[in-house]
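# Predicted model and sequence below, questions to follow.
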Amino acid sequence: MTQIVIVGGSDAGISAALRVREVDAACQISVVVADAFPNYSICGLPYYLSGEVRDWRALAHRTRAEIEAGGVTLLLEHTATHLDLAHCAVHTQTANGSERVIPYDRLILATGATPRRPPISGIELEGVFFLHSMKSSFQLQRYLSTHRTRHVAIIGGGYIGLEMAEALTHRGIHVILLQRGASVLSTVDSSIGARVRETLDRHRVDVTTNAPVVAIERHGRRLRVRSAATTLAECDAVLVATGVKPETALAQTAGLSLGAQEAIVVDERMATAQPGVYAAGDCIVTHHRLLSEPRYLPLGTTAHKQGRVAGENAAGGARVFAGSVGTQVVRVFETVIARTGLLEREASAAGYSPLTVEITTWDHKVYSLGAQELVVRLTADRDTGRVLGAQMLGSLNSAIAKRIDVVAAGFHAGIMVDQLNDLDLSYTPPLGSPWDPLQVAAQAWLAERAAGHAAPLTSAARTAE
(Lines give C-alpha, C1' and ligand atoms only; values in the text may rest on other atoms or scores of the structure.)
Protein backbone atom coordinates (compact mmCIF):
# COMPACT_ATOMS: atom_id res chain seq x y z
CA MET A 1 0.00 0.00 0.00
CA THR A 2 1.41 3.40 -1.02
CA GLN A 3 1.95 5.76 1.92
CA ILE A 4 1.54 9.43 1.04
CA VAL A 5 2.40 12.01 3.68
CA ILE A 6 1.38 15.65 3.28
CA VAL A 7 2.92 18.36 5.47
CA GLY A 8 0.43 21.20 5.81
CA GLY A 9 -3.34 21.20 6.21
CA SER A 10 -4.49 24.35 4.49
CA ASP A 11 -5.62 24.90 0.88
CA ALA A 12 -2.89 23.07 -1.00
CA GLY A 13 -2.48 20.25 1.52
CA ILE A 14 -6.12 19.26 1.78
CA SER A 15 -6.67 19.67 -1.97
CA ALA A 16 -3.75 17.30 -2.51
CA ALA A 17 -5.12 14.76 -0.03
CA LEU A 18 -8.58 14.73 -1.57
CA ARG A 19 -7.18 14.35 -5.08
CA VAL A 20 -4.98 11.43 -4.01
CA ARG A 21 -8.06 9.69 -2.69
CA GLU A 22 -9.95 10.29 -5.96
CA VAL A 23 -7.09 8.90 -8.06
CA ASP A 24 -6.13 5.91 -5.90
CA ALA A 25 -8.56 4.63 -3.28
CA ALA A 26 -5.92 2.26 -1.90
CA CYS A 27 -3.37 4.92 -0.86
CA GLN A 28 -2.81 5.60 2.81
CA ILE A 29 -2.91 9.37 3.27
CA SER A 30 -1.63 11.21 6.34
CA VAL A 31 -1.75 15.01 6.68
CA VAL A 32 0.54 16.62 9.25
CA VAL A 33 -1.20 19.76 10.56
CA ALA A 34 0.62 22.07 12.96
CA ASP A 35 -2.59 23.40 14.54
CA ALA A 36 -6.12 22.10 15.13
CA PHE A 37 -7.73 23.86 12.16
CA PRO A 38 -7.38 21.91 8.92
CA ASN A 39 -8.83 23.44 5.72
CA TYR A 40 -9.93 26.75 7.22
CA SER A 41 -10.29 29.86 5.07
CA ILE A 42 -7.57 32.23 6.24
CA CYS A 43 -8.86 34.67 3.61
CA GLY A 44 -12.06 34.86 5.64
CA LEU A 45 -10.45 36.06 8.88
CA PRO A 46 -11.18 39.79 8.32
CA TYR A 47 -14.87 38.96 7.90
CA TYR A 48 -14.90 36.97 11.12
CA LEU A 49 -13.23 39.85 12.95
CA SER A 50 -15.68 42.37 11.48
CA GLY A 51 -18.63 40.33 12.70
CA GLU A 52 -19.83 39.63 9.17
CA VAL A 53 -19.09 35.94 9.82
CA ARG A 54 -20.51 35.37 13.30
CA ASP A 55 -19.15 31.88 13.98
CA TRP A 56 -15.50 31.13 13.19
CA ARG A 57 -16.45 27.52 12.50
CA ALA A 58 -18.17 28.70 9.34
CA LEU A 59 -14.71 29.45 7.90
CA ALA A 60 -13.99 25.73 7.48
CA HIS A 61 -14.05 24.67 3.83
CA ARG A 62 -14.70 21.19 5.17
CA THR A 63 -15.07 19.88 8.71
CA ARG A 64 -12.60 17.45 10.21
CA ALA A 65 -15.25 14.74 10.04
CA GLU A 66 -15.84 15.38 6.35
CA ILE A 67 -12.15 15.14 5.55
CA GLU A 68 -11.61 12.00 7.58
CA ALA A 69 -14.72 10.42 6.09
CA GLY A 70 -12.85 10.56 2.79
CA GLY A 71 -10.18 8.25 4.14
CA VAL A 72 -7.65 10.91 5.11
CA THR A 73 -5.80 10.68 8.43
CA LEU A 74 -5.40 14.09 10.03
CA LEU A 75 -2.51 14.39 12.47
CA LEU A 76 -3.60 17.59 14.20
CA GLU A 77 -1.22 19.62 16.36
CA HIS A 78 1.72 17.74 14.91
CA THR A 79 4.62 19.97 13.91
CA ALA A 80 7.00 18.59 11.29
CA THR A 81 10.49 19.15 12.69
CA HIS A 82 12.73 17.34 10.20
CA LEU A 83 12.58 15.74 6.76
CA ASP A 84 14.76 12.66 6.39
CA LEU A 85 14.77 12.39 2.61
CA ALA A 86 17.39 9.63 2.60
CA HIS A 87 15.14 7.34 4.63
CA CYS A 88 11.80 8.71 3.40
CA ALA A 89 10.52 9.80 6.81
CA VAL A 90 8.99 12.90 8.40
CA HIS A 91 9.86 13.61 12.02
CA THR A 92 7.11 15.34 14.00
CA GLN A 93 6.47 16.64 17.49
CA THR A 94 3.07 16.91 19.12
CA ALA A 95 1.79 19.71 21.32
CA ASN A 96 2.68 17.72 24.45
CA GLY A 97 6.26 17.20 23.26
CA SER A 98 6.06 13.60 22.14
CA GLU A 99 7.91 12.69 18.94
CA ARG A 100 6.84 10.53 16.06
CA VAL A 101 8.49 9.39 12.83
CA ILE A 102 6.16 8.93 9.86
CA PRO A 103 7.45 6.93 6.87
CA TYR A 104 6.33 7.75 3.34
CA ASP A 105 6.54 6.55 -0.23
CA ARG A 106 5.56 9.96 -1.60
CA LEU A 107 5.82 13.29 0.20
CA ILE A 108 3.94 16.52 -0.53
CA LEU A 109 5.09 19.74 1.12
CA ALA A 110 2.31 22.28 1.56
CA THR A 111 3.80 24.32 4.40
CA GLY A 112 2.33 27.60 3.18
CA ALA A 113 3.57 31.04 4.13
CA THR A 114 4.30 33.00 7.27
CA PRO A 115 3.91 36.74 7.96
CA ARG A 116 6.86 38.93 7.11
CA ARG A 117 8.27 40.49 10.26
CA PRO A 118 9.69 43.87 9.28
CA PRO A 119 12.66 45.30 11.22
CA ILE A 120 10.54 47.36 13.61
CA SER A 121 11.64 47.65 17.22
CA GLY A 122 8.88 46.89 19.71
CA ILE A 123 7.13 44.49 17.38
CA GLU A 124 6.88 41.94 20.22
CA LEU A 125 5.00 44.28 22.57
CA GLU A 126 1.61 43.33 23.98
CA GLY A 127 -1.07 44.75 21.73
CA VAL A 128 0.88 44.18 18.49
CA PHE A 129 -0.63 41.51 16.24
CA PHE A 130 -0.12 39.65 13.00
CA LEU A 131 -3.00 37.94 11.21
CA HIS A 132 -2.30 34.73 9.35
CA SER A 133 -3.89 31.86 11.28
CA MET A 134 -6.96 30.91 13.25
CA LYS A 135 -4.92 31.24 16.45
CA SER A 136 -3.83 34.78 15.62
CA SER A 137 -7.42 35.75 14.81
CA PHE A 138 -8.58 34.44 18.20
CA GLN A 139 -5.84 36.42 19.92
CA LEU A 140 -6.86 39.64 18.18
CA GLN A 141 -10.56 38.99 18.75
CA ARG A 142 -9.95 38.42 22.46
CA TYR A 143 -7.89 41.59 22.77
CA LEU A 144 -10.45 43.73 20.98
CA SER A 145 -13.21 42.31 23.15
CA THR A 146 -11.47 42.67 26.51
CA HIS A 147 -9.58 45.95 26.10
CA ARG A 148 -10.91 49.43 25.56
CA THR A 149 -9.80 49.57 21.95
CA ARG A 150 -10.81 52.79 20.21
CA HIS A 151 -7.86 53.35 17.87
CA VAL A 152 -5.91 50.72 15.92
CA ALA A 153 -2.92 51.37 13.66
CA ILE A 154 -2.46 49.06 10.68
CA ILE A 155 1.04 48.88 9.23
CA GLY A 156 0.67 47.95 5.57
CA GLY A 157 -1.81 49.01 2.91
CA GLY A 158 -2.06 45.77 0.96
CA TYR A 159 -4.97 43.35 0.76
CA ILE A 160 -5.05 42.29 4.41
CA GLY A 161 -4.41 45.83 5.63
CA LEU A 162 -7.33 47.19 3.59
CA GLU A 163 -9.68 44.36 4.50
CA MET A 164 -8.86 44.82 8.17
CA ALA A 165 -9.33 48.60 7.90
CA GLU A 166 -12.88 47.86 6.77
CA ALA A 167 -13.41 45.16 9.41
CA LEU A 168 -12.27 47.32 12.31
CA THR A 169 -14.23 50.33 11.07
CA HIS A 170 -17.35 48.18 11.09
CA ARG A 171 -16.62 47.44 14.75
CA GLY A 172 -16.64 51.17 15.50
CA ILE A 173 -12.84 51.40 15.83
CA HIS A 174 -10.95 54.33 14.33
CA VAL A 175 -8.26 53.03 11.98
CA ILE A 176 -4.93 54.67 11.19
CA LEU A 177 -3.50 53.04 8.06
CA LEU A 178 0.26 53.46 7.58
CA GLN A 179 1.65 52.67 4.12
CA ARG A 180 5.37 52.64 3.44
CA GLY A 181 5.00 53.58 -0.24
CA ALA A 182 3.35 56.48 -2.02
CA SER A 183 0.03 54.72 -2.63
CA VAL A 184 -2.13 52.14 -0.92
CA LEU A 185 -2.53 48.78 -2.66
CA SER A 186 0.77 48.82 -4.50
CA THR A 187 -0.22 45.73 -6.50
CA VAL A 188 -2.23 48.07 -8.76
CA ASP A 189 -1.19 51.28 -10.47
CA SER A 190 -1.19 54.52 -8.51
CA SER A 191 -4.23 55.95 -10.34
CA ILE A 192 -6.28 53.01 -9.06
CA GLY A 193 -4.64 53.26 -5.64
CA ALA A 194 -5.67 56.92 -5.44
CA ARG A 195 -9.30 55.95 -5.94
CA VAL A 196 -8.99 53.31 -3.24
CA ARG A 197 -7.73 56.00 -0.90
CA GLU A 198 -10.80 58.09 -1.71
CA THR A 199 -12.94 55.20 -0.51
CA LEU A 200 -10.93 54.96 2.70
CA ASP A 201 -11.27 58.71 3.23
CA ARG A 202 -15.05 58.50 2.83
CA HIS A 203 -15.13 55.96 5.64
CA ARG A 204 -12.88 58.07 7.90
CA VAL A 205 -9.89 55.76 7.76
CA ASP A 206 -6.88 57.95 8.51
CA VAL A 207 -4.33 57.13 5.78
CA THR A 208 -0.67 58.15 5.87
CA THR A 209 1.50 57.22 2.89
CA ASN A 210 5.30 57.44 2.58
CA ALA A 211 5.33 56.33 6.21
CA PRO A 212 8.06 53.76 6.92
CA VAL A 213 7.64 52.54 10.50
CA VAL A 214 10.80 51.96 12.50
CA ALA A 215 9.51 51.57 16.07
CA ILE A 216 6.52 50.77 18.25
CA GLU A 217 6.80 52.06 21.79
CA ARG A 218 4.75 51.66 24.96
CA HIS A 219 3.36 55.04 26.03
CA GLY A 220 1.42 54.54 29.23
CA ARG A 221 -1.53 52.30 28.38
CA ARG A 222 -1.22 53.07 24.71
CA LEU A 223 1.17 52.34 21.87
CA ARG A 224 3.07 54.91 19.86
CA VAL A 225 4.05 54.10 16.27
CA ARG A 226 7.03 56.05 15.00
CA SER A 227 8.97 56.70 11.83
CA ALA A 228 12.58 57.84 12.05
CA ALA A 229 11.48 61.46 12.31
CA THR A 230 8.04 61.63 13.88
CA THR A 231 5.17 59.92 15.66
CA LEU A 232 2.80 58.46 13.08
CA ALA A 233 0.08 57.20 15.41
CA GLU A 234 -0.95 56.78 19.02
CA CYS A 235 -3.28 53.85 19.42
CA ASP A 236 -4.57 51.02 21.57
CA ALA A 237 -3.38 48.18 19.29
CA VAL A 238 -1.27 47.64 16.19
CA LEU A 239 -1.81 45.18 13.35
CA VAL A 240 1.24 44.41 11.21
CA ALA A 241 0.15 43.48 7.68
CA THR A 242 3.30 43.74 5.59
CA GLY A 243 2.90 40.61 3.49
CA VAL A 244 4.05 37.01 3.72
CA LYS A 245 7.05 34.89 2.85
CA PRO A 246 7.22 31.17 2.04
CA GLU A 247 7.57 28.83 5.00
CA THR A 248 10.46 26.75 3.71
CA ALA A 249 12.72 26.12 6.69
CA LEU A 250 12.04 22.37 6.53
CA ALA A 251 12.76 22.24 2.81
CA GLN A 252 15.92 24.30 3.12
CA THR A 253 17.30 22.16 5.94
CA ALA A 254 16.54 19.05 3.89
CA GLY A 255 18.54 20.44 0.97
CA LEU A 256 15.70 21.11 -1.49
CA SER A 257 16.35 23.82 -4.08
CA LEU A 258 14.91 27.28 -3.36
CA GLY A 259 14.16 29.99 -5.90
CA ALA A 260 12.40 33.37 -5.92
CA GLN A 261 12.02 34.76 -2.39
CA GLU A 262 13.37 31.41 -1.07
CA ALA A 263 10.32 29.48 -2.24
CA ILE A 264 10.69 25.81 -3.18
CA VAL A 265 11.55 25.14 -6.82
CA VAL A 266 9.17 22.73 -8.55
CA ASP A 267 8.47 21.77 -12.15
CA GLU A 268 5.12 21.93 -13.94
CA ARG A 269 4.10 18.67 -12.23
CA MET A 270 4.76 20.16 -8.78
CA ALA A 271 7.73 17.81 -8.40
CA THR A 272 10.93 18.90 -6.68
CA ALA A 273 14.34 17.67 -7.80
CA GLN A 274 14.14 15.02 -5.05
CA PRO A 275 12.44 11.86 -6.38
CA GLY A 276 9.06 11.24 -4.77
CA VAL A 277 8.85 14.70 -3.20
CA TYR A 278 6.28 17.25 -4.39
CA ALA A 279 5.36 20.71 -3.16
CA ALA A 280 2.41 23.05 -3.69
CA GLY A 281 0.83 26.29 -2.52
CA ASP A 282 2.29 29.35 -0.83
CA CYS A 283 5.66 27.69 -0.21
CA ILE A 284 6.65 27.26 -3.88
CA VAL A 285 7.60 29.25 -6.95
CA THR A 286 4.81 29.53 -9.52
CA HIS A 287 4.79 29.34 -13.29
CA HIS A 288 3.41 32.63 -14.67
CA ARG A 289 1.88 32.31 -18.13
CA LEU A 290 3.17 35.72 -19.26
CA LEU A 291 6.72 35.47 -17.88
CA SER A 292 9.72 33.35 -18.71
CA GLU A 293 10.82 32.99 -15.11
CA PRO A 294 8.71 31.63 -12.22
CA ARG A 295 7.46 34.03 -9.57
CA TYR A 296 6.34 33.83 -5.97
CA LEU A 297 2.55 34.33 -6.08
CA PRO A 298 0.92 33.27 -2.79
CA LEU A 299 -2.76 33.10 -3.74
CA GLY A 300 -5.47 30.82 -2.37
CA THR A 301 -6.89 29.94 -5.78
CA THR A 302 -3.43 28.99 -7.02
CA ALA A 303 -2.74 26.87 -3.93
CA HIS A 304 -5.93 24.84 -4.44
CA LYS A 305 -5.03 24.09 -8.06
CA GLN A 306 -1.40 23.25 -7.31
CA GLY A 307 -2.41 20.97 -4.45
CA ARG A 308 -4.71 19.06 -6.76
CA VAL A 309 -1.92 18.65 -9.33
CA ALA A 310 0.57 17.50 -6.67
CA GLY A 311 -1.92 15.01 -5.24
CA GLU A 312 -2.74 13.48 -8.61
CA ASN A 313 0.92 13.09 -9.53
CA ALA A 314 1.91 11.70 -6.14
CA ALA A 315 -0.74 9.05 -6.73
CA GLY A 316 0.79 8.11 -10.08
CA GLY A 317 -0.77 10.63 -12.45
CA ALA A 318 0.79 13.00 -14.96
CA ARG A 319 -1.11 16.25 -14.45
CA VAL A 320 0.53 19.59 -15.38
CA PHE A 321 -0.16 22.90 -13.63
CA ALA A 322 -1.50 25.33 -16.24
CA GLY A 323 0.11 28.36 -14.63
CA SER A 324 -1.07 31.53 -12.94
CA VAL A 325 -1.65 35.07 -14.20
CA GLY A 326 -1.92 36.59 -10.72
CA THR A 327 -5.67 37.25 -10.79
CA GLN A 328 -6.73 39.02 -7.60
CA VAL A 329 -9.76 40.88 -6.27
CA VAL A 330 -10.50 42.70 -3.02
CA ARG A 331 -13.47 44.49 -1.50
CA VAL A 332 -12.83 47.73 0.38
CA PHE A 333 -16.14 48.92 1.80
CA GLU A 334 -18.40 49.50 -1.23
CA THR A 335 -15.49 49.47 -3.72
CA VAL A 336 -14.09 46.43 -5.52
CA ILE A 337 -10.60 46.40 -7.04
CA ALA A 338 -9.25 43.64 -9.29
CA ARG A 339 -6.23 42.90 -11.43
CA THR A 340 -4.91 40.15 -13.64
CA GLY A 341 -1.72 39.73 -15.63
CA LEU A 342 1.02 42.36 -15.60
CA LEU A 343 1.17 46.02 -14.69
CA GLU A 344 2.89 48.20 -17.26
CA ARG A 345 6.10 48.41 -15.22
CA GLU A 346 6.14 44.61 -14.85
CA ALA A 347 5.58 44.15 -18.57
CA SER A 348 8.44 46.52 -19.39
CA ALA A 349 10.76 44.65 -17.02
CA ALA A 350 9.81 41.40 -18.76
CA GLY A 351 10.86 42.75 -22.16
CA TYR A 352 7.47 43.63 -23.62
CA SER A 353 6.63 46.97 -25.24
CA PRO A 354 3.55 47.87 -23.21
CA LEU A 355 0.92 50.50 -23.92
CA THR A 356 -1.73 51.25 -21.29
CA VAL A 357 -5.04 53.07 -21.54
CA GLU A 358 -7.39 53.96 -18.72
CA ILE A 359 -11.07 54.56 -19.34
CA THR A 360 -14.02 55.49 -17.14
CA THR A 361 -17.40 54.21 -18.28
CA TRP A 362 -20.68 52.86 -16.87
CA ASP A 363 -21.28 49.38 -15.47
CA HIS A 364 -24.63 49.19 -17.30
CA LYS A 365 -27.00 51.38 -19.30
CA VAL A 366 -27.29 54.81 -17.76
CA TYR A 367 -31.06 54.91 -18.19
CA SER A 368 -31.40 51.76 -16.09
CA LEU A 369 -31.64 52.27 -12.33
CA GLY A 370 -28.40 52.26 -10.36
CA ALA A 371 -25.81 52.68 -13.11
CA GLN A 372 -22.40 53.49 -11.64
CA GLU A 373 -19.03 54.38 -13.07
CA LEU A 374 -16.18 51.93 -13.20
CA VAL A 375 -12.55 52.25 -14.24
CA VAL A 376 -10.62 49.92 -16.53
CA ARG A 377 -6.88 50.02 -17.16
CA LEU A 378 -5.85 47.80 -20.05
CA THR A 379 -2.22 46.98 -20.86
CA ALA A 380 -1.14 45.24 -24.05
CA ASP A 381 1.98 44.90 -26.17
CA ARG A 382 2.01 47.72 -28.73
CA ASP A 383 4.00 45.63 -31.23
CA THR A 384 1.80 42.52 -31.25
CA GLY A 385 -1.49 43.62 -29.69
CA ARG A 386 -1.29 40.82 -27.12
CA VAL A 387 -3.20 41.58 -23.92
CA LEU A 388 -0.79 41.69 -20.97
CA GLY A 389 -2.84 42.93 -18.05
CA ALA A 390 -6.00 44.58 -16.79
CA GLN A 391 -7.06 46.42 -13.67
CA MET A 392 -10.59 47.38 -12.70
CA LEU A 393 -12.26 49.40 -9.97
CA GLY A 394 -15.96 49.85 -9.40
CA SER A 395 -18.84 49.33 -7.02
CA LEU A 396 -19.82 46.15 -5.25
CA ASN A 397 -22.69 45.69 -7.72
CA SER A 398 -20.65 46.22 -10.90
CA ALA A 399 -19.51 42.60 -11.43
CA ILE A 400 -15.84 43.62 -11.19
CA ALA A 401 -14.69 40.13 -10.20
CA LYS A 402 -16.43 38.42 -13.10
CA ARG A 403 -15.33 41.04 -15.62
CA ILE A 404 -11.68 40.64 -14.65
CA ASP A 405 -12.16 36.90 -15.06
CA VAL A 406 -12.91 37.46 -18.77
CA VAL A 407 -9.36 38.75 -19.23
CA ALA A 408 -7.90 36.04 -17.00
CA ALA A 409 -9.59 33.38 -19.13
CA GLY A 410 -8.37 35.12 -22.27
CA PHE A 411 -4.75 34.77 -21.16
CA HIS A 412 -5.06 31.00 -21.49
CA ALA A 413 -5.82 31.52 -25.20
CA GLY A 414 -3.19 34.24 -25.77
CA ILE A 415 -5.93 36.79 -26.41
CA MET A 416 -5.25 39.90 -28.50
CA VAL A 417 -6.88 43.29 -27.94
CA ASP A 418 -8.98 43.07 -31.10
CA GLN A 419 -10.13 39.60 -30.04
CA LEU A 420 -11.17 40.99 -26.65
CA ASN A 421 -13.23 43.54 -28.55
CA ASP A 422 -14.85 40.76 -30.60
CA LEU A 423 -15.97 38.57 -27.67
CA ASP A 424 -19.67 37.75 -27.57
CA LEU A 425 -20.43 38.97 -24.05
CA SER A 426 -23.85 39.07 -22.43
CA TYR A 427 -26.01 42.20 -22.38
CA THR A 428 -29.20 43.43 -20.80
CA PRO A 429 -29.72 47.10 -19.78
CA PRO A 430 -29.85 46.55 -15.98
CA LEU A 431 -26.55 44.61 -16.08
CA GLY A 432 -24.47 45.88 -18.97
CA SER A 433 -24.22 47.67 -22.30
CA PRO A 434 -23.86 46.43 -25.89
CA TRP A 435 -20.15 47.14 -25.51
CA ASP A 436 -18.89 45.82 -22.17
CA PRO A 437 -16.49 48.15 -20.30
CA LEU A 438 -13.63 45.80 -21.21
CA GLN A 439 -14.49 46.25 -24.87
CA VAL A 440 -14.69 50.03 -24.47
CA ALA A 441 -11.15 49.82 -23.08
CA ALA A 442 -10.07 47.59 -25.97
CA GLN A 443 -11.38 50.14 -28.48
CA ALA A 444 -9.58 52.96 -26.65
CA TRP A 445 -6.36 50.94 -26.73
CA LEU A 446 -6.64 50.24 -30.46
CA ALA A 447 -7.31 53.91 -31.15
CA GLU A 448 -4.34 54.97 -29.05
CA ARG A 449 -1.97 52.57 -30.78
CA ALA A 450 -3.25 53.72 -34.17
CA ALA A 451 -2.64 57.34 -33.18
CA GLY A 452 1.00 56.42 -32.55
CA HIS A 453 1.45 58.28 -29.27
CA ALA A 454 4.73 57.49 -27.52
CA ALA A 455 3.31 57.84 -24.01
CA PRO A 456 0.45 55.79 -22.52
CA LEU A 457 -2.88 57.55 -22.66
CA THR A 458 -5.18 58.15 -19.73
CA SER A 459 -8.59 59.15 -20.99
CA ALA A 460 -12.14 59.51 -19.70
CA ALA A 461 -14.27 57.62 -22.18
CA ARG A 462 -17.91 57.58 -21.17
CA THR A 463 -20.55 55.73 -23.10
CA ALA A 464 -24.29 55.65 -22.63
CA GLU A 465 -25.28 53.88 -25.82
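In hand now; what should we look at?
# can you give me phi and psi for the closest residue to residue 209 other than its chain neighbours?
Computed as C-beta to C-beta, 6 or more residues apart in numbering, the closest residue to residue 209 that is not its neighbour in sequence is residue 179, at 4.8 Å. All C-beta atoms are positioned from the backbone trio N, CA, C, and that covers glycine. Phi and psi for residue 179, reported as degrees, to the nearest 10, are phi -110, psi 130.
# so how far is the helix or strand residue 161 falls within from its chain's centroid?
For residue 161, the host element (DSSP states H and E) is helix 159-170. On the basis of C-alpha atoms, centre = their mean, to the nearest Å, helix 159-170 sits 15 Å off its chain's mean C-alpha point.
# What of stretch 13-24?
23 Å.
# Tell me the buried residues in that stretch?
13, 14, 15, 16, 17, 18, 19, 20, 21, 23, 24 (16 or more other C-beta atoms under 10 Å).
# now the fourth one: how far from residue 369?
When distance is defined by C-beta to C-beta, to the nearest Å, residue 16 is 47 Å away from residue 369.
# Next: the first one.
Between residue 13 and residue 369 the distance, using C-beta to C-beta, works out to 46 Å.
# And the last one, by the same measure?
If you measure residue 24 against residue 369 using C-beta to C-beta, the figure is 54 Å.
# In the stretch 101-250 of the chain, what residue spans correspond to helices?
In the stretch 101-250 of the chain, the helices defined using DSSP state H, counting those that start in this stretch lie at 134-146, 159-170, 190-202, 249-254.
# quick one: the second one to helix 190-202, angle?
Using axes from the mean of the first three to the mean of the last three C-alpha atoms, to 10 degrees, the inter-axis angle of helix 159-170 relative to helix 190-202 is 20 degrees.
# count of neighbours near the residue nearest to residue 209?
25 (other C-beta atoms under 10 Å).
# Enumerate every residue touching it.
Residue 179 sits next to 156, 157, 161, 186, 207, 208, 209, 210, 211 when contact means C-beta atoms under 8 Å, 6 or more residues apart in numbering.
# how about the residues you listed in a markdown table, adding pLDDT, neighbour count and distance to residue 330?
Output for the contacts of residue 179, formatted as a markdown table (pLDDT from 0 to 100; neighbours: other C-beta atoms under 10 Å; distance: C-beta to C-beta, whole Å):
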| residue | pLDDT | neighbour count | distance to residue 330 |
| --- | --- | --- | --- |
| 156 | 97 | 24 | 13 |
| 157 | 97 | 29 | 11 |
| 161 | 97 | 24 | 10 |
| 186 | 95 | 16 | 13 |
| 207 | 98 | 20 | 16 |
| 208 | 97 | 15 | 20 |
| 209 | 96 | 15 | 18 |
| 210 | 96 | 11 | 22 |
| 211 | 93 | 19 | 21 |
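# Cross these against strands and list the overlap.
If you go by DSSP state E, the contacts of residue 179 have 207, 208 in strands.
# Pick out whichever of the contacts of residue 179 sits closest to residue 413.
Set against residue 413, the nearest of the contacts of residue 179 by C-beta to C-beta is residue 186 (29.3 Å).
# For residue 285, see how far away residue 262 is.
Residue 262 sits 10 Å away from residue 285, going by C-beta to C-beta.
# what do you get for residue 190?
The gap separating residue 190 from residue 285 is 28 Å, by C-beta to C-beta.
# So between these two, which is more surrounded?
Each of residue 190 and residue 285 has its neighbours counted (other C-beta under 10 Å); residue 285 has more, 22 against 14.
# ok, now how distant is that one from residue 298?
The gap separating residue 285 from residue 298 is 11 Å, by C-beta to C-beta.
# so who does the residue nearest to the spatial centre of the chain touch?
Most central residue of the chain, judged by C-alpha distance to the mean C-alpha position with C-alpha atoms, centre = their mean, is residue 299 at 3.9 Å. Counting by C-beta under 8 Å, 6+ apart, residue 299 makes contact with 324, 326, 327, 328.
# For the protein, name the helix or strand with the lowest mean pLDDT.
For the chain, counting by mean pLDDT, DSSP states H and E, strand 457-458 ranks last in confidence among helices and strands (a mean of 40).
# Please report how far the nearest residue to residue 382 once chain neighbours are set aside lies from residue 392.
Nearest non-adjacent residue to residue 382, counting by C-beta to C-beta, 6+ apart: residue 355, 4.1 Å away. Separation of residue 355 from residue 392 (C-beta to C-beta): 18 Å.
# For these two, indicate the residue with more neighbours.
residue 392 (27 against 24).
# Is there a neighbour count for residue 96? I'd like the number.
Other residues close to residue 96 by other C-beta under 10 Å number 6.
# residue contacts, it?
With contacts defined as C-beta under 8 Å, 6+ apart, residue 96 has no neighbours.
# Look at it and report its pLDDT.
Per-residue pLDDT puts residue 96 at 89.
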